[in-house]
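**Q** give me coordinates for this.
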Amino acid sequence: QPDTGAVVVLDDGFAYNAAGVVTSIEPSSGQVGTRVTLRGTGLLGSGADVVAVTLNSVGVNQIVSRNDTIVVVEAAAGAAGTGVAELEADSGALVRSQAPVQFTYLVEGNITAVTPSTGHIGTLVTIVGSGLLGGDTQLASVQLAGVPALVQSQNDSVVIVEAQDPGTGLTPSGSVLLTARSGAR
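**A** Here you go, the predicted structure:
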């Protein structure tokens, strides 16, 4: 068909909105399970929802809550390193943080010894390793074989807990789980 040169116009049919921006990331470092709060403006990317979030190019475990100024996510497992946060809106818009507003994945905590490895109510258990506080300053909880334990002392390499009552007639065995206040585990 020949080019007729016809033009179709809708006056005031489209307007650009200001680009969204992530202005802070709290905490700025963590590991798997860390609850991370992203603050900024236009985080919904002129859409109605945030459909995906990455921290240092790693997709998050879940988006806990979101609005145009605050998005809370749970970090997934990621290799140690630092990078930007990126949010994808249902509109297709991408909202990114810019250096120095970045998230750093810490080396995941590692338990190297639990002494003693068996006990009963009142047993003081020493947990040794590295990164035990998950990048935080305190633990929120410790579980011995699924039973909450009472934290006696804690630092990033040694945690001492007191075994609590697992319940009448129960003798569970299983994992030792440390969860930081940030949610890191």
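**Q** number of nearby residues for Gly146?
**A** Residues within reach of Gly146, counting by other Cβ atoms under 10 Å, total 12. Backbone N, C-alpha and C define where each C-beta goes, glycine included.
**Q** renumber starting at 22 from here on
**A** All set: I'll call the first residue 22, so the last point we hit is now Gly167.
**Q** residues in contact with it?
**A** By Cβ atoms under 8 Å, 6 or more residues apart in numbering, Gly167 lies in contact with 193, 195-196.
**Q** quick one, what contacts the nearest residue to Ser50 once chain neighbours are set aside?
**A** Of all residues not flanking Ser50 in the chain, Thr125 sits nearest, at 4.0 Å (Cβ to Cβ, 6 or more residues apart in numbering). Applying Cβ under 8 Å, 6+ apart, we find Thr125 in contact with 49-51, 77, 101-103.
**Q** could you rerun that using 7 Å?
**A** Listed by Cβ atoms under 7 Å, 6 or more residues apart in numbering, the contact set of Thr125 reads 49-50, 103.
**Q** that older thread, could the contacts of Gly167 go into TSV alongside pLDDT, distance to Ser86 and neighbour count?
**A** Listed next are the contacts of Gly167 as TSV, based on pLDDT from 0 to 100; distance: Cβ to Cβ, whole Å; neighbours: other Cβ atoms under 10 Å:
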residue	pLDDT	distance to Ser86	neighbour count
Pro193	89	34	10
Gly195	93	32	10
Ser196	95	29	10
